[in-house]
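Q: fold the stuff below for me.
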Amino acid sequence: MIYFDNSATSYPKPYSFYNNIYKAYLEYSFNTGRSSYKEAMKASEMVFETRELIAQLFGFKCENIVFTKNCTEALNFAIKGLVEKGDEFIISSLEHNSVLRVVNRLRESQIADYKIAEYCNDKSEFISNIEKLITEKTKAVICTFASNVFGVRVPVKDIGELCKNRGVYFVLDASQGAGICSINALRDNIDILCTSGHKSLLGAMGTGILAVKEGIQLNSVSEGGTGSLSLELSQPEALPDRFESGTLNVSGIYLLSKGIEYINRETPQKLLKHEISLLRYLYTELEKTDGVKLYTEMPDTENFVPILSFNFRDYSSEKTAALLAEKDICTRAGYHCSGLAHKTFSTLETGTVRVSVGNFNTKRDCNRFIKVIKNL
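A: Prediction:
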């Protein structure tokens, strides 16, 4: 099998991930923060250490790292935690439904409204598109680090600076950059970062992260047992307890730590360089293949993550992906839960075939893919 669907979920994982699966469930299947027996204490220590790894990776305070089940849940916590009656949000025209559907629900409920800033390749123009929409009602700008369909990155640092200067929050969906790109909350003026654990952080499904800058108060979205303040009727105010009701995915968190440890050993820069080099090779070969239509420019390490979209001849994207699947090549077709991005890139009528390479892909995988495409 050739796996080119890493932007959905990374596969395979590092050997250290697989080598620790048994240990994850044998030694870390205990509730944290609720008991004093040694197994539970060991699990609590591990969860704390994983928070520290994440905090160091992204530049947040350890106690402000919240574990969620995925990035979508983290984004719901962030957006609904910030919102007050009459607020407005600004989102980009690249956003995934994990952002669009949340703000649209707030609009339908007449709680808040949203505006869409049109993405364009000219960074200054894109920043201007955002700035023009900011009003006294604007609560936050919510933006993806990179398109999950076309791989283009947004100017995160510039958006963060704009938000800081205009006194609005900056919420970043880092699902398509965390682990392979440099992201720092202090440097980039990120107020809230949301990401998945199972993509380029190389962790397990069922893990996600909500990271909040110190001093930001979020309303709770769900309530329940936290192991703290058990006699109080109200949800605890402090993070991470405020958003960690119920039992954590402790075994998954342990495996996530193995993914992050691997990233720290290899370095995000090295991982990105390898993945973009493969993508550039694929791009070059696809560009000279009859019948292939590419939708972005030649990728590089500064402006892209390792994702590209294409279509082939007059085939539907689903047909192309199905033909590739018959040859054991895994891609994704359709709209990728991001109708906004397809509208921006004028592919609403067709969708696209998405190729997303990972750290464990090779040039041999690319050559096999190209050979199959040329013989479809």
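Q: quick one, phi psi at residue 211?
A: Residue 211 adopts backbone torsions of phi -120, psi 130, taken as degrees, to the nearest 10.
Q: beta partners for it?
A: residue 65, residue 193 (DSSP bridges).
Q: now do the strands in the stretch 1-150 of the chain.
A: Listed in chain order, the strands of the stretch 1-150 of the chain (DSSP state E, counting those that start in this stretch) span 2-3, 65-68, 87-92, 112-117, 138-144.
Q: check contacts around the closest residue to residue 352 other than its chain neighbours.
A: Ranked by Cβ to Cβ, 6 or more residues apart in numbering and with sequence neighbours excluded, the top spatial neighbour of residue 352 is residue 309, at 3.7 Å. (C-beta placed from N, C-alpha, C; glycine too.) If a contact means Cβ atoms under 8 Å, 6 or more residues apart in numbering, then residue 309 has 149-151, 294-296, 345, 347, 352-355 as its contacts.
Q: nearest to residue 185, out of those residues: which one, please.
A: Of all the contacts of residue 309, residue 151 has the smallest distance to residue 185: 23.2 Å, by Cβ to Cβ.
Q: could you dump the strands of the stretch 1-150 of the chain to CSV with mean neighbour count, mean pLDDT and distance to residue 201?
A: As requested, the strands of the stretch 1-150 of the chain are exported to CSV (neighbours: other Cβ atoms under 10 Å; pLDDT from 0 to 100; distance: least, Cβ to Cβ, whole Å):
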stretch, mean neighbour count, mean pLDDT, distance to residue 201
strand 2-3, 19, 98, 17
strand 65-68, 25, 97, 12
strand 87-92, 24, 98, 22
strand 112-117, 20, 98, 27
strand 138-144, 24, 98, 16
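Q: residue 33: which of the ones you listed is closest?
A: Across those, residue 33 has its closest neighbour in strand 65-68 (11.8 Å, Cβ to Cβ).
Q: output the contacting helices and strands for the closest one.
A: Here strand 65-68 touches helix 38-58, helix 71-82, strand 208-212, going by 3 or more Cβ pairs under 8 Å, 6 or more residues apart in numbering; DSSP states H and E.
Q: what do you get if the cut-off is 7 Å, keeping everything else the same?
A: helix 38-58, strand 208-212 (3 or more Cβ pairs under 7 Å, 6 or more residues apart in numbering; DSSP states H and E).
Q: list the contacts of it.
A: 51, 54-55, 74, 77, 207-211, 239-240, 243-244, 248, 253 (Cβ atoms under 7 Å, 6 or more residues apart in numbering).
Q: okay, who's weakest in those by pLDDT?
A: Within the set of these, pLDDT is lowest for residue 244 (74).
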